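Colleague: Provide a 3D model corresponding to the input given below.
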Amino acid sequence: MHASTNRLFASVLAGLVILVPSAFAMAVVIDFQNLPVPPSGAFNGNPGTLVPGQSVTSPWTSGGVAFANTFGIDSYGGFDYEYWSGFAYSDVVNTTDAAFTNQYASYPGGGFGSSTYAVAYSRDAVVTLPVAATVAGFRIANTTYAALTMKNGDLYGFSAPLPTGGWFATTATGRLGVTTTGTATFYLADLRGATPPGVLSSWSWFDLTSLGTVDRIEFSFDGSDKGSFGLNTPAYFAMDDLTVNAVPEPATLAAVAVATLACGVRRLRSRQRHA
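Modeller: Next up, the predicted model:
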């Protein structure tokens, strides 16, 4: 084969090496900045139209990704009270108030380099992707309410400060349809060992690449401080910069390869005609 032809085919192969992996490299970073935060500083799913005894389960979305949410109003002992679970979003900055009413504040104060962030609460915290994809991970932090409870106990004597050997963690479980793809655990507090890291006070990275290709991620909570009703530690974490990597269909990769080869063949024929 002519030397110029060899060089041309080498350039075509190089194009395939560059273009095909680039199809995997596309990523979407969801930073929640598109969400309209109400004047209260947080949205917890309240539609503003419910009466006691009613609830609504409706995810909110950002970047095409759905974040589970349930909001309701109940009555007990003559009093009405609101409740929610799943995900809220917030721009609250309050690192000192240890009360339950400060449940929407991240402990680092605000988002990760931005104002708005998400807050996960309870086992109903589920993220649903529009298509199957790999998820690189996200920035994670404690909420102020959870962190100060673990450090100092709560204001009601329900939860004591975490002792030496105590811990608190969230586990992400990946799902693809009915298949479990894997799990990953992040310790929001760890007082085990000779030099424990303690209660997380800043934003950190929660790596989810081990989950593989998923269409849904479910979060659960566990810890060492438990009572007769289960976990005493407030089951929250803050989330920012959820990073989702696109997974192309095989047909997409084939189209990239065919287009690249076709371009190379046209160039080769053109050279041969003018040789």
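Colleague: spatially central, which residue of this protein would that be?
Modeller: In the chain, the centroid-proximal residue (Cα atoms, centre = their mean) is residue 242; its distance is 4.6 Å.
Colleague: state the distance from that one to residue 130.
Modeller: To residue 130, residue 242 is 13 Å away according to Cβ to Cβ, to the nearest Å. C-beta coordinates here come from the backbone N, C-alpha and C atoms, glycine included.
Colleague: alpha carbons of stretch 206-218, as PDB, please.
Modeller: Provided in PDB are the C-alpha atoms of stretch 206-218 (Å, rounded to 0.1, in the frame of the first residue of the first chain):
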ATOM      1  CA  PHE A 206     -19.400  11.100  46.800                       C
ATOM      2  CA  ASP A 207     -18.100   8.800  44.000                       C
ATOM      3  CA  LEU A 208     -20.900   6.800  42.400                       C
ATOM      4  CA  THR A 209     -19.000   5.200  39.400                       C
ATOM      5  CA  SER A 210     -19.200   1.800  41.100                       C
ATOM      6  CA  LEU A 211     -23.000   1.800  40.500                       C
ATOM      7  CA  GLY A 212     -22.500   1.300  36.700                       C
ATOM      8  CA  THR A 213     -25.300   2.100  34.300                       C
ATOM      9  CA  VAL A 214     -28.500   3.100  36.200                       C
ATOM     10  CA  ASP A 215     -31.800   4.700  35.600                       C
ATOM     11  CA  ARG A 216     -32.500   5.200  39.300                       C
ATOM     12  CA  ILE A 217     -30.500   5.800  42.500                       C
ATOM     13  CA  GLU A 218     -32.100   5.200  45.900                       C
END
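Colleague: buried stuff in it?
Modeller: Buried positions in stretch 206-218, judged by neighbour count with 16 or more other Cβ atoms under 10 Å: 206, 208, 211, 213, 214, 215, 216, 217, 218.
Colleague: the helices in the stretch 51-200 of the chain, which residues?
Modeller: 144-152 (DSSP state H, counting those that start in this stretch).
Colleague: quick one: low-confidence parts of it?
Modeller: Judged by pLDDT under 70, the stretch 51-200 of the chain has no weakly predicted residues.
Colleague: tell me where it has strands.
Modeller: 55-57, 60-62, 65-67, 69-76, 79-90, 117-121, 126-141, 167-176, 179-190, 198-199 (DSSP state E, counting those that start in this stretch).
Colleague: domains in the chain, as residue ranges please.
Modeller: Under the assignment automatic domain parsing, the domains of the chain span 3-21+252-273, 27-245.
Colleague: picking up where we left off before, between the buried residues of stretch 206-218, which is nearest residue 63?
Modeller: When the buried residues of stretch 206-218 are compared for distance to residue 63 (Cβ to Cβ), residue 217 comes out closest, at 14.3 Å.
Colleague: could you pull up the residues touching the closest one?
Modeller: 126, 127, 135, 172, 173, 174, 175, 208, 211 (Cβ atoms under 8 Å, 6 or more residues apart in numbering).
Colleague: that one pairs with what?
Modeller: Here residue 217 sits in beta bridges with residue 127, residue 174, going by DSSP bridges.
Colleague: now swap in residue 240 and tell me
Modeller: Once the bridges are assigned, which here means DSSP bridges, residue 240 pairs with residue 139.
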